[in-house]
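Novice: When you get a sec, could you give me coordinates for this:
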Amino acid sequence: MRLAAITLGTTLALAGPVSLAQAAPVDNEPLAAFTANARTTQQAPAAWAAGTRAYLVITTPGDTTAVRNAVAANGGSVFSSFDAIGVIVAHSTSASFATTMRGVSGVQKVGATRTSDVPADAYNPALPANPSQAAAPSTEPVRSDMTQIKADQAWAVNPGSASVKVGILDTGVDDQHQDLAPNFNAADSVSCAYGKADTRIGAWRDVDQHGTHVAGTVAAAKNGKGAIGVAPGVKISSVRIAEPGSTLFFAENTICGLVWSGDHGFKVTNNSYYTDPWQFNCPNNLDQAAILEGVGRAQAYAEGKGSLQVAAAGNSNVDLANKTTDSSSPNDSTPVTRTITNDCLDIPAELPGVVTVAANGTSGTSKASFSNFGRDVIEVSAPGESVYSTVPGGKYSSLSGTSMASPHVAGVAALMASANPAYTPADLRAKLGEQATDLACPSDARCTGTTAKNSFFGEGRVDALKAVGGSTTPPPGKYFENLTDVTVPDNTTVESTITVSGVTGNAPATLKVGVDIKHTYIGDLKVDLVAPDGSVYVLHNRTGSSTDNIAQTYTVNASSEVANGAWKLRVNDNASADTGKIDAWNLTF
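Specialist: Numbering: from 1, shown residues only. Below is the predicted model of the structure:
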């Protein structure tokens, strides 16, 4: 299940937990066994039939011929096989298939990956739609999520290298989008839906909107149109692992995607989902034990090839360090409530080596209300509420969720890899935490630990400027911001204040005023900057008609104003029916 939330900050789906508890690897083979070329063998399966189920058959990495032959001899067919990690994806209509195969010599684990039938589409997949594209926007404002992690300052140092490839393992990506096309890498894009690589042109396209949104947060181009990603200079590839219709991410799809990532040189991948149908996979369940093994081997393989996996922590607002129940699984049939322990893992996010990301609220210093948390579970945090990014058809939308936080971290990791090409996944993982901005616990008893490392934020909010070695590079001018929300009711004037100090002389002729106002129908609004002496500078005057939200940086000639003092952002709502808030604003001198 994609760890999604939805437009304008409303969470649509609660998602699974993630942990980086230091458990032993689930592999029962040495890591070295997974570093050989992951040749994927395929055998044409029999025609689809009602009742077809998918299974992982786990064996010794290398030559899987004998076990593949045993699959065919025991009522199954080989759909795909990842020989280098010893994982076979088998289909069968026999209810006794798993039990029979567990008794075959050389077979280590067997498990069903679903509690529902494999769709007929698996045998002749339809290509996703290629949507028509809307007209490109004429502006490209810097948003508050980017300023919070200092991505806007990082771009001046290093916007990311085109030699760094980031894999978007998700619902697909609209590669025709004007903000994604400049950075899209079609040669390394694929569909892994159903557990087999489909390299047809367009097979990687979005069957939802989630993956396109994630892709934009990572690497939307800095081209004057719409939005800018954290790492606008890197390349992105789509690895569609969601199936059409259900948009579920089954284990065989995840395995295919991770192996593909390792084989195609992705330095970083983003994984904003958990492996369906089980929100948690428990090792005492034979089916789930095979899923743990198969996905664990694929992650170890990808990491061994130099790929760092970044994953979302989930949107259930639960303590991942104290798991007790799961009431949402299996999500492909009828969920049941079951008792679980910390041995039951959310994957791939809870596997060793994967970076787990919690979501900050709009202030940048709070935990988003939906975000999961957990002592020694959360690695780092990033903005995840009302994040503005690309969606299919050349459009844009604001979504919320740890799904939106994770790609910020993937983007920072990509910037770090651009500045430090020799860094290994372990190096990137360590530096993300070391360079993060410490965030103290709020007044919430659930948050435990220290300012340097706690259960809400891990080691803190990621820092893109430090990632590119920009900590010694001064920003272009002194920077001040106010992140406190101010409600804008109908037919009312409100103000938000920033007190400036320590700036010599007058303000510059190019004073930058960053504005982030969440409000439907911005044609209702007049927005002014008020200088300390009361002088008024008009920023926005009832233009934009029914457009939602103002997220823009204005340049003001304030050279006649003394810099130090109380500057105000004044917002006047001039009509009824539409309301909103000042989400954040800033001044750069």
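Novice: how about the helices in the stretch 51-200 of the chain?
Specialist: Counting by DSSP state H, counting those that start in this stretch, the stretch 51-200 of the chain has helices at residues 65-73, 97-102, 144-148, 151-157.
Novice: Please work out which of those helices is packed deepest.
Specialist: The highest mean neighbour count among those, using mean count of other C-beta atoms under 10 Å, belongs to helix 144-148: a mean of 25. Where C-beta positions appear, they are placed from N, C-alpha and C, glycine not excepted.
Novice: residues making contact with it?
Specialist: Helix 144-148 has contacts (C-beta atoms under 8 Å, 6 or more residues apart in numbering) with 152, 228, 230, 360, 362, 364, 383, 387-388, 408, 461, 481, 483, 514, 516, 551, 583-584, 586.
Novice: Swap in 7 Å and give it another go.
Specialist: The contact list for helix 144-148, computed with C-beta atoms under 7 Å, 6 or more residues apart in numbering, reads 152, 228, 230, 364, 383, 387, 408, 461, 514, 516, 583-584, 586.
Novice: repeat for stretch 316-332
Specialist: Contacts with stretch 316-332, where a contact means C-beta under 7 Å, 6+ apart, come from 1, 14-15, 17-19, 114-116, 246, 248, 276-280, 335, 337-342, 344, 369-377, 446, 455.
Novice: swap in stretch 129-143?
Specialist: 152, 174, 176-178, 202, 205, 224-228, 388, 392-395, 514, 516, 551-553.
Novice: what about Gly458, distance to Cys447?
Specialist: 11 Å (C-beta to C-beta, to the nearest Å).
Novice: neighbour count winner among those two?
Specialist: Shown here are Gly458 and Cys447; by other C-beta atoms under 10 Å, Gly458 has more neighbours (30 against 17).
Novice: Please list all residues in contact with that one.
Specialist: 358, 378-381, 433.
Novice: can you give me the helices in this protein?
Specialist: According to DSSP state H, the chain carries its helices in the segments 65-73, 97-102, 144-148, 151-157, 210-219, 251-263, 286-304, 402-419, 425-434, 464-467.
Novice: Tell me which of the ones you listed sits nearest to Lys526.
Specialist: Closest of the helices of the chain to Lys526 is helix 144-148, at 21.0 Å (criterion: C-beta to C-beta).
Novice: Including distance to Ser327 and mean pLDDT, could the helices of the chain go into CSV?
Specialist: Shown next, in CSV, are those (distance: least, C-beta to C-beta, whole Å; pLDDT from 0 to 100):
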stretch, distance to Ser327, mean pLDDT
helix 65-73, 34, 97
helix 97-102, 25, 98
helix 144-148, 32, 95
helix 151-157, 37, 93
helix 210-219, 23, 98
helix 251-263, 21, 98
helix 286-304, 16, 98
helix 402-419, 19, 98
helix 425-434, 32, 98
helix 464-467, 38, 96
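Novice: With distance to Ser546 as extra columns, can I get those helices in a markdown table?
Specialist: Conversion of the helices of the chain to a markdown table gives the following (distance: least, C-beta to C-beta, whole Å):
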| stretch | distance to Ser546 |
| --- | --- |
| helix 65-73 | 58 |
| helix 97-102 | 56 |
| helix 144-148 | 23 |
| helix 151-157 | 28 |
| helix 210-219 | 22 |
| helix 251-263 | 39 |
| helix 286-304 | 45 |
| helix 402-419 | 25 |
| helix 425-434 | 40 |
| helix 464-467 | 34 |
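Novice: Which among those is found nearest to Ile88?
Specialist: Closest to Ile88 of the helices of the chain is helix 65-73 (C-beta to C-beta; 6.0 Å).
Novice: Check the offset of that closest one from the chain's centre.
Specialist: Distance of helix 65-73 from its chain centroid, counting by C-alpha atoms, centre = their mean, to the nearest Å, is 38 Å.
Novice: if I pick the nearest residue to Tyr423 once chain neighbours are set aside, what's in contact with it?
Specialist: Using C-beta to C-beta, 6 or more residues apart in numbering and skipping residues adjacent in sequence, the residue nearest Tyr423 is Ala417, 5.9 Å away. Residues counted as contacts of Ala417 (C-beta under 7 Å, 6+ apart) are 164, 267-268, 423, 428.
Novice: ok, Ala417 to Asn223 distance?
Specialist: From Ala417 to Asn223 the distance is 22 Å (C-beta to C-beta).
Novice: cool, Asp376 as well?
Specialist: Asp376 is 41 Å from Asn223, by C-beta to C-beta.
Novice: Confirm for me that Ile340 is in contact with Phe280.
Specialist: Yes - using C-beta atoms under 7 Å, Ile340 makes contact with Phe280 at a distance of 5.3 Å.
Novice: which residues sit in contact with Leu248?
Specialist: Going by C-beta under 7 Å, 6+ apart, Leu248 touches 1, 242, 276-277, 332.
Novice: Tell me the pLDDT of it.
Specialist: Leu248 is assigned a predicted lDDT (pLDDT) of 98.
Novice: Take the helices of the stretch 51-200 of the chain and write them to a markdown table, including distance to Asp121.
Specialist: Below are the helices of the stretch 51-200 of the chain laid out as a markdown table (distance: least, C-beta to C-beta, whole Å):
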| stretch | distance to Asp121 |
| --- | --- |
| helix 65-73 | 22 |
| helix 97-102 | 21 |
| helix 144-148 | 36 |
| helix 151-157 | 39 |
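Novice: between those helices, which gets nearest to Ser81?
Specialist: Per C-beta to C-beta, nearest to Ser81 of these: helix 65-73, 6.0 Å.
Novice: Run through who's touching that closest one.
Specialist: Helix 65-73 is contacted from outside by 43, 57, 59, 77-78, 81, 88, 90, 101, 104, 106-107, using C-beta under 7 Å, 6+ apart.
Novice: Which positions within stretch 444-452 qualify as buried?
Specialist: Neighbour-count burial for stretch 444-452, counted by 16 or more other C-beta atoms under 10 Å, picks out 447-449.
Novice: No further queries at this time; thank you.
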